[in-house]
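Student: Here you go, sequence then predicted model.
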Amino acid sequence: MRRYRRAKIVATVGPASASPEMLKELFLAGVDTFRLNFSHGTHGDHARVHAAIRSLETEMNRPIGILLDLQGPKIRVGTIKGGRMPVEAGEGIRFVLTGTEGDRMAIPLPHPEIFAAVAPGDHLLIDDGRVRVRVTGPGEDSIDAEVVVGGVISDRKGVNLPGTVLDLSPLTAKDRADLAFGLELGVDWIALSFVQKPGDMIEARGLIGDQAGLVAKIEKPSALDHIDDIIRLSDAVMVARGDLGVEIPHEDVPGRQKELVRACRLAVKPVIVATQMLDSMVAAPTPTRAEASDVATAIYDGADAVMLSAESAAGRYPREAVEMMDRIIRSTERHKLYRSIIEASEPSEEQTAPHAVAAAAADLAEVIHAPAIVAFTSSGTTAARIARKRPSVPILAMTPDRAVSRRLCLLWGAHSILSENVHSYEEMVARSAETAMAEEFARPPDQIVVVAGIPFGQAGTTNNLRVIQLGQA
């Protein structure tokens with residue numbers, strides 16, 4: 001199952017894609033990692049999907065990643081008298097901590113952490129920003145506000161507070177139960193919602209340990225203020241543009257996306273660009289030209305992966321959406337300007353021997369026109385260091401660790417292979433040649449570049465570079 005592209009595809013599983021037959025169709029169409037969105041569905045639903053993906057993995061004899069996306073805290077108004085209430089710009093309204101069946105002077109907002117945090121001038125965005133109000137008088141159990149952008153406030157609509165850091169854990173009781181369930185299932189990644197500060201990552205890591213990779217979802221402006229530390233504490237990052245785009249100006253989102261992709265590449269951490277990438281394909285068999293351009297932009301930025309949400313979870317054309325995303329990625333990566341754009345955004349090398357060896361492997365593969373780089377990696381780090389360079393040739397990432405092989409399905413350019421550990425230099429050479437030919441990446445008399453850490457099996461020791469000519473005794 002060779003992919004003829006470097007960037008990866010993440011697809012959300014939902015009612016439109018949960019059957020074993022459709023999961024297989026989506027994998028064959030190009031999905032590398034499946035996302036289980038725990039904002040929807042029961043534990044039983046997700047367990048059945050997880051089992052189907054693992055069965056498919058066995059059938060295809062190819063690692064498949066599974067990402068569990070936690071719901072996180074949901075801040076909402078309470079119920080409104082009559083179910084809905086129009087408000088106009090300039091009028092005054094009041095939010096209250098307790099109460100039901102609210103009117104414009106008693107809109108229920110049952111979240112004490114908001115009352116403790118807001119200050120005059122802060123903004124509250126209701127229903128994804130369709131209604132915007134400015135705080136004029138915060139209090140212990142009531143908040144007076146002026147409507148800035150009018151609209152309709154209705155029951156249980158979400159509330160966003162851009163620029164306000166809430167004293168709120170990103171892990172609700174539901175999230176903790178979902179996390180424990182997912183770890184018991186054996187998912188490969190945990191995506192953490194509502195990240196505001198580095199301490200949120202530390203809290204989640206304390207529960208996850210090394211049982212799964214930790215993905216920081218960047219959807220709050222406060223996370224951008226601490227982004228370097230958040231990236232350092234994560235194993236991967238998701239640019240959650242939908243929620244982020246509610247809380248920062250729309251015109252700032254593209255630039256922030258580029259900053260985040262570059263920062264993750266510099267830190268050798270995979271980055272996923274997500275939300276509404278082919279949104280019109282929820283109901284139509286083809287995307288808009290703007291959506292195709294959006295996916296291509298993420299690829300030109302150097303993202304490790306792009307993600308489908310409702311398109312594959314609830315849309316009418318899940319397989320077609322995956323096929324379209326696959327075609328856009330391949331077309332973009334073949335474009336004559338792609339290499340020059342990727343190379344122009346290349347971060348400076350870290351001054352360490354492992355990074356230097358990985359970078360040299362990528363450069364050497366280019367010079368000798370090698371069809372592949374073989375990376376022996378126990379933790380995934382060696383392959384990630386090579387991928388950081390974004391070489392023009394695929395990376396055969398060979399690992400004896402099944403969990404690592406699945407997480408590598410999110411890494412740019414990596415063709416993940418579960419392989420027994422090697423114990424000697426001679427075995428490394430033989431295994432590299434055998435694998436490159438068996439996976440149909442190379443054939444005699446091709447030369448391949450091999451990267452490993454010696455002693456074998458020790459994580460993080462990228463220190464050996466070798467050129468092997470196939471067919472040579």
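Tutor: In hand now; what should we look at? All values reported here derive from a predicted model rather than from experimental measurement.
Student: I figured residue 403 hits residue 187, correct?
Tutor: No: contact criterion CB atoms under 8 Å: residue 403 and residue 187 do not qualify, at 10.1 Å. For glycine as for every other residue, the C-beta is placed from the backbone atoms N, C-alpha and C.
Student: Now for those two: what residues contact both?
Tutor: residue 212 (CB atoms under 8 Å, 6 or more residues apart in numbering).
Student: neighbour-wise, which of these two wins?
Tutor: Ranked by neighbour count (other CB atoms under 10 Å), residue 403 and residue 187 place residue 187 first, with 25 against 16.
Student: OK, contacts around that one?
Tutor: 36, 50, 66, 67, 68, 212.
Student: mind giving me TSV with the residues you listed and columns for pLDDT and distance to residue 346?
Tutor: Output for those, formatted as TSV (pLDDT from 0 to 100; distance: CB to CB, whole Å):
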residue	pLDDT	distance to residue 346
36	98	34
50	98	37
66	98	31
67	98	27
68	98	32
212	98	30
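Student: With respect to residue 258, which of the residues you listed is nearest?
Tutor: Closest approach to residue 258 among these (CB to CB): residue 67, at 23.0 Å.
Student: Quick check: the gap between the closest one and residue 206.
Tutor: 20 Å (CB to CB, to the nearest Å).
Student: And the two? Which one has more around it.
Tutor: Higher neighbour count among residue 67 and residue 206: residue 67, with 30 against 8, using other CB under 10 Å.
Student: Settle this for me: the more buried one is touching residue 212, isn't it.
Tutor: No: in this structure, residue 67 is not within contact of residue 212 by CB under 8 Å, at 9.1 Å.
Student: shared neighbours, these two?
Tutor: Contact criterion CB under 8 Å, 6+ apart; residues shared by residue 67 and residue 212: 187, 188, 189, 190.
Student: got the end-to-end distance for stretch 169-178?
Tutor: One end of stretch 169-178 sits 15 Å from the other (CA to CA, to the nearest Å).
Student: Just the residues contacting that stretch, thanks.
Tutor: 38, 43, 68, 70-73, 179, 192-196, 200, 203-204, 207.
Student: and if you look at stretch 450-457?
Tutor: By CB under 8 Å, 6+ apart, the list of residues contacting stretch 450-457 from outside reads 354, 357-358, 361, 373-378, 382, 386, 400, 421-425, 428-429, 432, 459-468.
Student: start to end distance for that stretch?
Tutor: One end of stretch 450-457 to the other measures 15 Å (CA to CA).
Student: Any idea how far that stretch is from the middle of the chain?
Tutor: Offset of stretch 450-457 from its chain centre (CA atoms, centre = their mean, to the nearest Å): 29 Å.
Student: what do you get for stretch 357-377?
Tutor: Remark: stretch 357-377 is offset 26 Å from the chain centroid, using CA atoms, centre = their mean.
Student: thinking again about what came up before, return the members of the contacts of stretch 450-457 classed as buried.
Tutor: Buried residues within the contacts of stretch 450-457, counting neighbours by 16 or more other CB atoms under 10 Å: 354, 357-358, 361, 373-378, 382, 386, 400, 422, 428-429, 432, 461-465, 468.
Student: mind giving me the domain ranges of the protein?
Tutor: Per automatic domain parsing, the domain ranges recorded for the chain read 8-72+170-334, 81-160, 353-469.
Student: now those domains in CSV, with distance to residue 2?
Tutor: What follows is those, written out as CSV (distance: least, CB to CB, whole Å):
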stretch, distance to residue 2
domain 8-72+170-334, 10
domain 81-160, 40
domain 353-469, 7
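Student: Give me the below-cutoff pLDDT ranges for the protein.
Tutor: Applying pLDDT under 70 to the chain flags the ranges 349, 460, 473.
Student: do that again at 90, thanks
Tutor: For the chain, applying pLDDT under 90 flags the ranges 1, 98-105, 163, 242-243, 345-355, 420-426, 429, 452-464, 471-473.
Student: circling back to that earlier point, of the contacts of stretch 450-457, which belong to helices?
Tutor: Using DSSP state H, the subset of the contacts of stretch 450-457 located in helices is 354, 357, 358, 361, 382, 386, 425, 428, 429, 432.
Student: from what I can see the fifth one touches residue 464, true?
Tutor: Meaning residue 382. No: using CB under 8 Å as the test, residue 382 is too far from residue 464 to be in contact (9.8 Å).
Student: what are the ranges of the strands in the stretch 151-300 of the chain?
Tutor: Under the criterion DSSP state E, counting those that start in this stretch, the stretch 151-300 of the chain contains strands at 151-154, 159-160, 189-192, 213-218, 236-240, 271-274.
Student: Reformat these as JSON lines; add distance to residue 253 and mean neighbour count.
Tutor: Below are the strands of the stretch 151-300 of the chain laid out as JSON lines (distance: least, CB to CB, whole Å; neighbours: other CB atoms under 10 Å):
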{"stretch": "strand 151-154", "distance to residue 253": "22", "mean neighbour count": "18"}
{"stretch": "strand 159-160", "distance to residue 253": "14", "mean neighbour count": "20"}
{"stretch": "strand 189-192", "distance to residue 253": "19", "mean neighbour count": "26"}
{"stretch": "strand 213-218", "distance to residue 253": "11", "mean neighbour count": "25"}
{"stretch": "strand 236-240", "distance to residue 253": "9", "mean neighbour count": "26"}
{"stretch": "strand 271-274", "distance to residue 253": "11", "mean neighbour count": "28"}
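Student: Same list (these) but as CSV, adding distance to residue 32.
Tutor: Listed next are those as CSV, based on distance: least, CB to CB, whole Å:
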stretch, distance to residue 32
strand 151-154, 39
strand 159-160, 31
strand 189-192, 12
strand 213-218, 14
strand 236-240, 13
strand 271-274, 11
